[in-house]
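*Asks:* Following is a predicted model, sequence given first.
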Amino acid sequence: MSASPVPTAVAPGAPPAERLPVSLPELAEKKRLGEPLVMITAYDYPSAQVAEAAGVDLVLVGDSGAMTVLGYPSTVPVSVEEMLMLCAATRRGLRTPLLVADLPFGSYEASNEQAIATAQRFIKEGGAEAVKLEGGGAMAERARALVQAGIPVMGHVGLTPQTATQLGGYRAQGRTGARAADVARDALALQEAGCFAIVFEAIPAAVAHDLMERMEIPVIGIGAGAATDGQVLVFHDLLGIREGVGARFVKRYADLQAEMVAGVRAFAEDVRTHRYPAPDHTYSIDPDELLRFRDLMS
């Protein structure tokens with residue numbers, strides 16, 4: 001048996017070693033070690049660059065981009081082509097985090113064949129490394145088919161925005177014993193189907209805590225309490241790039257929309273009062289060349 005290599009000391013002030021791309025086995029190991037997982041959404045090159053620089057573990061190209069980026073009233077109208085565009089742009093800004101793409105509503109529910117064909121497009125055209133689908137029940141069958149086709153799948157239970165109307169709107173799920181049991185059955189079915197991870201959204205913290213005892217794969221929470229293996233928030237929610245305060249589970253870490261509005265308003269004021277552009281913002285020309293230009297134009 002060969003000796004283990006001796007770690008090389010890092011000099012004080014030296015830049016940190018470049019992170020390796022996050023892998024599925026690494027996520028499972030983090031769960032085993034109790035190391036919290038961090039996931040955020042991203043929808044384009046700039047938000048992906050922010051996620052990369054911040055050192056998150058996973059990036060989700062969520063169908064929430066339908067509302068935050070494309071201006072739809074819900075996640076339902078967004079098309080596969082629109083999601084592929086967002087996914088490909090995000091891919092170009094990432095090196096390290098694992099990239100997961102939401103399968104949009106209507107692109108995977110009809111059959112296993114439809115689900116596989118859609119997911120393959122996100123892997124091949126969008127550059128995703130995994131896909132996410134919502135719900136249990138028949139969706140566990142879809143997840144199993146995708147996994148058997150070699151496509152890593154993240155599940156999603158609790159509040160599933162694509163079917164929020166059926167659930168009574170955007171509200172917490174699992175708040176009765178029977179509904180909590182439904183959420184648990186969905187999660188366990190997705191785990192059995194081979195999902196590498198599951199999102200718990202908007203379920204009581206106590207329900208998530210009890211269910212975690214039976215979860216063998218990483219669980220990412222959003223409004224599901226602190227017992228899960230990690231947390232996810234929507235990029236525009238956590239940075240305040242939106243109106244309103246958002247859902248109960250949102251913690252706002254910045255108020256960038258107000259700063260952006262203030263910046264654009266200041267620009268508009270400078271333009272209208274002739275303070276911009278100032279001489280510092282213009283290009284010069286040699287006086288002789290200016291005379292030559294004027295002669296040529298006369």
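*Replies:* Right, received. Where do you want to start? Numbering: from 1, shown residues only.
*Asks:* Could you list the low-confidence segments of this protein?
*Replies:* 1-17, 163-170, 245 (pLDDT under 70).
*Asks:* and the most centrally placed residue in it, backbone torsions?
*Replies:* Nearest to the geometric centre of the chain sits T41, at 2.0 Å (Cα atoms, centre = their mean). Note on T41: its backbone torsions stand at phi -90, psi 160 [degrees, to the nearest 10].
*Asks:* ok, it to A138 distance?
*Replies:* Using Cβ to Cβ, to the nearest Å, T41 is found at 26 Å from A138. The way it works is simple: take the backbone N, C-alpha and C, and place the C-beta from them, glycine included.
*Asks:* Check I151 too.
*Replies:* According to Cβ to Cβ, I151 stands 17 Å off from A138.
*Asks:* who's more crowded, those two?
*Replies:* For I151 and A138, the more surrounded residue by other Cβ atoms under 10 Å is I151, and the numbers stand at 19 against 11.
*Asks:* on that earlier part again, residues in contact with the nearest residue to the residue nearest to the centre of the chain once chain neighbours are set aside?
*Replies:* Once flanking residues are discounted, T41 sits nearest to G62: 4.3 Å by Cβ to Cβ, 6 or more residues apart in numbering. By Cβ atoms under 8 Å, 6 or more residues apart in numbering, the contact set of G62 is T41, Y43, D102, V234.
*Asks:* let's go with 10 Å and repeat that
*Replies:* 39-43, 68-69, 75, 83, 86, 100-102, 132, 156, 161, 199, 232, 234-235 (Cβ atoms under 10 Å, 6 or more residues apart in numbering).
*Asks:* how about the helices in the stretch 101-250 of the chain?
*Replies:* 112-124, 138-148, 177-193, 205-212, 235-238 (DSSP state H, counting those that start in this stretch).
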